[in-house]
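Trainee: Here is a sequence with its predicted model. Questions after.
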Amino acid sequence: MPKVTQEHIEKRKAEILDAAERVFKRKGFEPTTMQDVVEESGMSRGGVYQYYTSTEDMIQTLHERIIGELPKHLKRWVAEKQTIWEVIEAYLQDYERPANEEKGFGIVMFEYSVVSWRNEQRRRFMLKNALEMRKQLVNLLHIGVERGEFRPLQPLEAIVSFMGNVTDGFILHSSIADRETFCVNEQLEGLKIYLRTVLQVQEESET
């Protein structure tokens, strides 16, 4: 029997996760079954179960994959953009999707996180990842402070936590109605006004 390489294993796992993500986006987390993912992936039941034993395992792995990619995106933007404020705008751009665009994975994780308080393992998982995401964004703002771009009026942890609460609201509103109903674009502009104010973004001539 030919030896299965690690590259092959990782490729298979990624294909299964991609299939699971597509199903989650269509159906949500709770209604999705392992059989749904098996059918979506085109693999055998044993082939899927070899790597993932439950939809819970899949959604947590998907979430960790997203969290793990954030530092790479931030590092790239810091290298490409002239200011940290431009990096923040690039980060927020994902919430500017047109109203008719396919719903993203964010609403699936929103669904998963809302009921996490009922399950201690889920609660710890979501807390760990929320704190990791906050740490990455706080580190980004620290760069702006060190460069003299920001003079924050509140602790950076509070600023990032508030930003997360607002963007979670965007995800929820965009999932239950069109963006115009809840003025999502205007709310986004309001968030930027808040961030510019609380960070005291310094104009280039002031720095």
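Mentor: Sure thing, it's come through.

Trainee: Helices of this structure, start to end?
Mentor: Using DSSP state H, the helices of the chain run over 6-27, 34-41, 45-49, 55-80, 84-92, 106-114, 120-146, 156-176, 184-199.

Trainee: Turn those helices into CSV, columns for mean neighbour count.
Mentor: (C-beta placed from N, C-alpha, C; glycine too.) Formatted as CSV, these follow (neighbours: other CB atoms under 10 Å):
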stretch, mean neighbour count
helix 6-27, 16
helix 34-41, 17
helix 45-49, 14
helix 55-80, 15
helix 84-92, 19
helix 106-114, 19
helix 120-146, 15
helix 156-176, 16
helix 184-199, 15
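
Trainee: Switch these over to a markdown table; also include mean pLDDT.
Mentor: Converted to a markdown table, the helices of the chain look like this (pLDDT from 0 to 100):
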| stretch | mean pLDDT |
| --- | --- |
| helix 6-27 | 93 |
| helix 34-41 | 97 |
| helix 45-49 | 94 |
| helix 55-80 | 95 |
| helix 84-92 | 96 |
| helix 106-114 | 91 |
| helix 120-146 | 96 |
| helix 156-176 | 92 |
| helix 184-199 | 95 |
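
Trainee: doesn't Q136 make contact with V160?
Mentor: No. In this structure, V160 is not within contact of Q136 by CB atoms under 8 Å, at 9.1 Å.

Trainee: Just list the residues touching I107, thanks.
Mentor: Going by CB atoms under 8 Å, 6 or more residues apart in numbering, I107 touches 171-172, 174-175.

Trainee: hmm, 10 Å instead?
Mentor: Contacts here follow CB atoms under 10 Å, 6 or more residues apart in numbering; on that basis I107 touches 24-25, 28-29, 168, 171-172, 174-176.

Trainee: ok, now K192?
Mentor: With the criterion set at CB under 10 Å, 6+ apart, K192 makes contact with 85, 88-89, 92, 201.

Trainee: next one: P155
Mentor: Taking CB under 10 Å, 6+ apart, one finds 138, 161 in contact with P155.

Trainee: and the gap between it and V108?
Mentor: 31 Å (CB to CB, to the nearest Å).

Trainee: Do I have it right that H63 meets F110?
Mentor: No. H63 is beyond contact range of F110, at 11.3 Å (criterion: CB atoms under 10 Å).

Trainee: Find the residues that touch each one of the two.
Mentor: What both H63 and F110 touch, as defined by CB under 10 Å, 6+ apart, is an empty set.
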